[in-house]
Structures are given as C-alpha cells and as structure tokens.
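> Build the 3D model from these lines:
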Amino acid sequence: MRLSDRHDADAWTQFVAMYGPLVYRLARHKGFQDADAHEIVQEVMVSVSRAVQRWQPDAQLGRFRDWLFRIARNLILNFMTRRHHQSIASGGEMTKMMEQQIDPNCEESAAFDLEYHRELFRWAAEQVQDQVKPATWQAFWMTSVEEMAIPDVAAKLGISV
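Next comes the predicted model:
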C-alpha cells in the first residue's frame with residue numbers, strides 16, 4: 001500500500017529488495033540470460049511504479065503478488081516476442097495485459113509463489129541476522145533451515161540445548 005506514495009523511498013527500497021530477485025529468478029527460469037533478466041526486472045519495476053496507484057486490494061482480482069506476477073509474466077512474454085529489444089507495450093495495451101486474470105492454481109503461479117516465499121525468507125533472514133549473536137544465528141540456521149537435531153547442533157557449537 002505504501003508504494004502508491006512515490007516519495008516513500010523506504011517502501012520502494014524494500015519492494016525492490018524483496019521482489020527484484022524474485023522477478024529475476026522467474027526470468028532466468030524462463031531461459032533468459034543474466035542481462036536480459038536484469039532488464040526485465042527493471043521493466044517490471046517501472047511498470048509497477050506507473051500502475052501501483054491504480055491497484056486496490058480486491059479478493060476477486062487476487063493478491064498484490066498475483067498482480068505483480070501478471071505484470072512480470074506479461075512483460076516476459078512481451079520481451080520474448082519483440083525484435084531487437086523494441087520498446088515495451090504502453091498505454092491501454094499494457095494496462096489491459098496487466099489486468100488480465102490468471103489462474104492462481106496454475107503451475108507457473110505456484111512456482112512464483114514458492115519463489116516469493118523463498119525470497120521473503122531470505123529478506124527477513126538478512127534483517128534479523130545482524131541483530132543476533134553469530135552462535136545464535138548458526139544454531140537457528142542449522143536447526144531450522146538445515147534441519148539438524150538440536151542436541152547435535154548444541155554439541156557442534158559448544159552451547160547448551
């Protein structure tokens with residue numbers, strides 16, 4: 001919701017940090033090279049910045065993440081079909097593409113959701129890691145992410161259970 005305020009730099013910084021890698025991985029998954037994937041990320045961010053003020057929460061249209069996925073998917077399709085990196089569609093055509101419904105249960109949408117959850121975890125972990133002691137972080141990571149047994153981790157780190 002804060003993205004509609006163009007002057008909220010912190011919201012945009014968080015948005016790009018969270019969703020930029022997600023869109024990048026989606027583009028790479030679709031077979032794009034590194035440079036093209038980065039270009040797609042930039043195009044998605046620009047499209048979102050132009051359209052976010054019109055986005056409103058709506059249960060029938062889906063979540064913000066679904067809306068973002070539609071934008072990313074449409075720009076990826078557009079990128080695949082244009083010759084020599086011509087300008088992306090704009091105006092009414094782009095708005096119509098961004099508003100198209102997408103089946104939230106389709107495989108592509110599920111993969112985007114999975115990547116979203118991975119990116120959310122990565123981003124949240126970065127926020128927390130610097131706020132705890134290294135041994136505490138290692139204990140968390142080894143038990144919760146690597147799923148090692150708590151007694152084994154305690155012994156390995158030389159800490160109590």
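> And the helix or strand where residue 25 lies, what does it pack against?
For residue 25, the element it lies in under DSSP states H and E is helix 9-29. Applying 3 or more C-beta pairs under 8 Å, 6 or more residues apart in numbering; DSSP states H and E, one finds that helix 9-29 contacts helix 34-51, helix 64-81, helix 107-129. Bear in mind the C-beta positions are built from the backbone N, C-alpha and C, glycine included.
> tell me which residues in the last one are buried?
Along helix 107-129, these residues count as buried under the neighbour rule (16 or more other C-beta atoms under 10 Å): 109, 112, 115-116, 119.
> That helix relative to helix 9-29, how many degrees between them?
If you take axes from the mean of the first three to the mean of the last three C-alpha atoms, to 10 degrees, helix 107-129 sits at 130 degrees to helix 9-29.
> got the angle for helix 107-129 vs helix 64-81?
Angle, helix 107-129 to helix 64-81, by the same axes, to 10 degrees: 120 degrees.
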